[in-house]
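In: model the following, please.
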Amino acid sequence: MFIKPEYDLIVVGAGPGGTSTAITAAKLGLDVLVLEKQQQVAMFKRCAEGFAIGALEELKLKMPRKCWRQEIDGSYIYAPNMKEFLIDLGQTSGYVLERRIFDKWLAEEAVKAGAQVIADANVYDVIKENDFVCGVKANFIGEEYEIRSKVVVAADGVESLTARRAGFPIVNNPILIDSGFQYELDGIELKDPRKLEFYISNSMAPRGYIWVFPKGESRANVGIGIVGNSTETAKRYLDDFIKKNDRFKKGSVIEVNAGAIPVGGLMKNMVMNGLVLVGDAAHQVYPIHGGGMGEAMIAGTIAGKVIWRCIEHNDWSESALSEYNTLWWEKRGNALAKSEKVREIVEKLTDEQLNMLADSLTKDDLMKIVGGNAAILTKALLRFGVKSLKKKILG
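Out: Below is the predicted model of the structure:
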């Protein structure tokens, strides 16, 4: 009734990466179908909901007020010894979203652009002919469909079944997948509702950090990301933090979220014949903090344009689609690779070394490090004589 037998482009996954791809491709005139396995778009979130302003500029969209709960103009960053860095940007630089509303709004924009969006459509396999992905097999409310297309976009998350079914050589290194757990707490005390809070300490969050993302005067997402092979659960570490903090321990739990968070493993190749990977499926996240919404949207915009050009030229082979690799690496990949190097260095530091580092850095230094400037970090560490990291740093 709803689904046609053939489209130009099928996008699997209606998250920000998938819908951004659909918006871009549909605006350029492609016949686009978006399939979302959940019963509604954004039924579940695995996200702290922080969002930088810049990503929407790629889509030339103005986000409506209903999509966000809190404007953000800076952050507090804490070392293991609780030394505080206050980053005050003096103006709104981002938002803490209401993710379910935001994702639905993006889906609505995809529909306005001419795409078709279908929820509760579980894609369980791809169609391949002559070494080309040329469609998907899906179940929609108990009915089976084989839907053909020129190109399929895998935007179905870090576990991407679509990419795996297509035979894409995707590798999820367990070391590069963090375990995340989060409470949305109400009735808590915030330092400043316009500031994010980050707590960095191996004793509190092994190879990760704890975050507080305000969603109003007394509500926030309070969560943690830790190395996936930790001997203790992310929940246990977060609970310990909350119990020791009077600002949070009497809070009411409005929502609980948990899931895997990719923090690295950038891919040089994200395409094959008839297939493109976008967002978490392609590990397109900011390695230092694991944020992926903005990165997925930028990637989706690039992917939509490349797919349109390929279809216009009647060539959606891996070679033709690889323009996406080139453009994404030029726009985001090289910068993310620098940030990944920073993360790889910092994750090897003990709490004592992190404290030494914090004592030697200015706020400007810290902002540059978070932005991916490894030179400042390595110089500071070498001043301390961190011999065990010297080879890694200079390499």
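In: isn't there a strand covering residue 332?
Out: No - note on residue 332: no strand contains this position according to DSSP: H, G, I helix; E, B strand; the rest coil, which reports helix.
In: okay, buried residues for stretch 339-351 please.
Out: By neighbour count with 16 or more other Cβ atoms under 10 Å, stretch 339-351 contains the buried residues 339, 340, 341, 342, 343, 344, 345, 346, 349. (Each C-beta comes from the backbone N, C-alpha and C, glycine too.)
In: please name the nearest non-neighbouring residue to the fourth one.
Out: Nearest residue to residue 342 in three dimensions, chain neighbours excluded: residue 374, at 5.1 Å (Cβ to Cβ, 6 or more residues apart in numbering).
In: and the buried residues of stretch 339-351, which is closest to residue 227?
Out: Within the set of the buried residues of stretch 339-351, residue 343 lies nearest residue 227; the separation is 11.5 Å, counting by Cβ to Cβ.
In: and that closest one, how far from residue 261?
Out: For residue 343, the distance to residue 261 equals 12 Å [Cβ to Cβ, to the nearest Å].
In: domains in this structure, by residue range?
Out: According to the domain assignment given by automatic domain parsing, the chain is divided into the following structural domains: 6-49+98-173+265-336, 72-90+174-257, 348-394.
In: mind checking those for the one nearest to residue 66?
Out: Among the domains of the chain, the nearest to residue 66 by Cβ to Cβ is domain 6-49+98-173+265-336 (5.5 Å).
In: how far is that closest one from where the chain is centred?
Out: Averaging C-alpha coordinates over domain 6-49+98-173+265-336 and over its chain gives two centres that are 14 Å apart (Cα atoms, centre = their mean, to the nearest Å).
In: now the end-to-end length of that domain.
Out: This stretch, domain 6-49+98-173+265-336, spans 36 Å end to end (Cα to Cα, to the nearest Å).
In: pLDDT on it, on average?
Out: Per-region confidence: domain 6-49+98-173+265-336 scores 94 on mean pLDDT.
In: thought residue 98 was touching residue 68, still the case?
Out: Yes - in this structure, residue 68 is within contact of residue 98 by Cβ atoms under 8 Å, at 6.6 Å.
In: just to revisit the earlier point, do you know the pLDDT at the residue nearest to residue 342?
Out: The score at residue 374 is 74. That number is its pLDDT.
In: neighbours of it, how many?
Out: By other Cβ atoms under 10 Å, 19 other residues sit near residue 374.
In: and it, what are its phi and psi?
Out: For residue 374, the backbone dihedrals are phi -80, psi -20 (criterion: degrees, to the nearest 10).
In: do I have it right that it meets residue 346?
Out: No - with contacts defined as Cβ under 8 Å, residue 374 does not count as touching residue 346, sitting 9.8 Å away.
In: measure residue 16 to residue 140 for me?
Out: Summarising the geometry, the distance separating residue 16 from residue 140, computed by Cβ to Cβ, is 23 Å.
In: please say which of these two ends up with more neighbours.
Out: Just comparing residue 16 and residue 140: by other Cβ under 10 Å the higher neighbour count belongs to residue 16, 31 against 18.
In: tell me the buried residues in stretch 364-373?
Out: 365, 366, 367, 368, 369, 370, 372.
In: quick one: contacts of it?
Out: Counting contacts by Cβ atoms under 8 Å, 6 or more residues apart in numbering, the residues outside stretch 364-373 that touch it are 77, 85, 87, 288-289, 335-336, 338-339, 341-342, 361, 376-377, 380.
In: same question for stretch 26-37.
Out: When contacts are taken as Cβ under 8 Å, 6+ apart, the neighbours of stretch 26-37 outside the stretch itself are 3-4, 7-14, 18-19, 22, 25, 107, 110, 113-123, 136, 138, 147, 149, 156, 304-305, 307-308, 311.
In: quick revisit: among the buried residues of stretch 364-373, name the ones in helices.
Out: Of the positions in the buried residues of stretch 364-373, 365, 366, 367, 368, 369, 370 sit in helices, assigned by DSSP state H.
In: ok, so of those, who is nearest residue 353?
Out: The closest of those to residue 353 turns out to be residue 369 (Cβ to Cβ; 14.2 Å).
In: and the pLDDT at the closest one?
Out: Predicted confidence (pLDDT) at residue 369: the value is 82.
In: just residue 341 next, same as before
Out: At residue 341, the model reports a pLDDT of 85.
In: confirm that it sits in a helix.
Out: Yes - if the criterion is three-state DSSP, then residue 341 is within a helix.
In: make sure residue 55 is indeed in a helix.
Out: Yes - under three-state DSSP, residue 55 sits within a helix.
In: buried sites along the top helix by length along the chain?
Out: When the chain is scanned for its longest helix (criterion: DSSP H), the result is helix 293-312. Applying a neighbour-count criterion of 16+ other Cβ under 10 Å, the buried positions in helix 293-312 are 293-311.
In: what's the answer for stretch 349-359, then?
Out: For stretch 349-359, burial by neighbour count (16+ other Cβ under 10 Å) applies to 349, 353, 354, 355, 356, 357, 358.
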